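Undergrad: Have a look at this fold, sequence not included:
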């Protein structure tokens, strides 16, 4: 018999990639979202995780072998992030019946475990890079830790195994998502080409010249499934990146070339996308109408604030994956090829011309 999975946040970048992989591997997949979208082989489940009774009504009859938590809701303060996002995880796990057999719950967080929350992002005393899973929590409130604590408490109560997965910036497709660097850069490049603007790197000198890495959504999905199916990986936290490192001064040229652009020289001054893309909603709407694109709303495609947060960091960010490598997770994904594959998909799906 095939195993059953519940993917929470199935319409997002990570959730959709995980659902797609699980379907390919023969799992029966239920995809939970507030507003589910059609996905091949996925049974849609509509639920608002802040509504405990509604969540119980939506999933109380399910008994999945694995649960993948890939969603969060951004709030105006870290205190609210903690309150809201811990409640979502708590309501989800409280709504599921106690497992009759083995169950695994995989939680996706990220490198803010090492860098701190948005309110104190990249500030204060940070761990030395490369970031390693053995580095503990920073002494600062962080909603990732609140989510983890909910998982740990439910695991102790219900007897399931768990894993925590910490990606760097994720490359993947989702419309209306708050953290879409790949799509944001594709839209920015398209606008630069259309308007004759220079293709200017928006971030810091440290990011331009320092080493960094990223995480393809498919690579993350493979680690999620690997941890679920590998007993030695249970009750552990893992970093997850593609396996290569690069400097943005190189990658910026690769992205520019794909879009037929010449990258502008970088003079060391940060020029955030939030400023560069200000007032470009109408030009984008015009491009969408002319080219027959399916999403004319710039705000649903691009997330300049998140891209600026990543590319504006004052330190280089490199992530160690020794723990999962030692346990047998050996998958690799070239980051430039991950960008190019995303751009091709965005074009095929009529999201960029």
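TA: Cool, got the structure. Note that this is a predicted model, so its numbers are computed, not measured.
Undergrad: going forward, measure contacts and count neighbours with C-alpha atoms only.
TA: Noted.
Undergrad: Now do the end-to-end distance for stretch 38-56.
TA: End-to-end distance for stretch 38-56: 22 Å, by Cα to Cα, to the nearest Å.
Undergrad: What residues of that stretch count as buried?
TA: Residues 41-42, 44-50, 52, 54-56 are the ones in stretch 38-56 that count as buried (16 or more other Cα atoms under 10 Å).
Undergrad: same check, this time on stretch 109-121
TA: Per 16+ other Cα under 10 Å, stretch 109-121 contains these buried residues: 109-118.
Undergrad: For my notes, please list the residues you listed in CSV and give pLDDT, secondary structure and distance to residue 128 for each entry.
TA: Putting these into CSV (pLDDT from 0 to 100; DSSP: H, G, I helix; E, B strand; the rest coil; distance: Cα to Cα, whole Å) gives the following:
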residue, pLDDT, secondary structure, distance to residue 128
109, 98, coil, 19
110, 96, coil, 16
111, 94, coil, 13
112, 92, helix, 14
113, 93, helix, 13
114, 93, helix, 9
115, 89, helix, 10
116, 86, coil, 13
117, 83, coil, 17
118, 72, helix, 19
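Undergrad: want to try JSON lines for those residues, with distance to residue 81 as columns?
TA: Converted to JSON lines, the buried residues of stretch 109-121 look like this (distance: Cα to Cα, whole Å):
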{"residue": "109", "distance to residue 81": "13"}
{"residue": "110", "distance to residue 81": "15"}
{"residue": "111", "distance to residue 81": "16"}
{"residue": "112", "distance to residue 81": "13"}
{"residue": "113", "distance to residue 81": "14"}
{"residue": "114", "distance to residue 81": "17"}
{"residue": "115", "distance to residue 81": "16"}
{"residue": "116", "distance to residue 81": "13"}
{"residue": "117", "distance to residue 81": "10"}
{"residue": "118", "distance to residue 81": "10"}
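Undergrad: So residue 5 belongs to a strand, correct?
TA: Yes - assignment of residue 5 by DSSP: H, G, I helix; E, B strand; the rest coil places it within a strand.
Undergrad: does it really touch residue 29, like I thought?
TA: Yes - look at residue 5 against residue 29 with Cα atoms under 8 Å: they come within range, at 4.9 Å.
Undergrad: who touches both of those two?
TA: residue 22 (Cα atoms under 8 Å, 6 or more residues apart in numbering).
Undergrad: quick one: low-confidence parts of the stretch 101-250 of the chain?
TA: Within the stretch 101-250 of the chain, the ranges that satisfy pLDDT under 70 run 121-124, 178.
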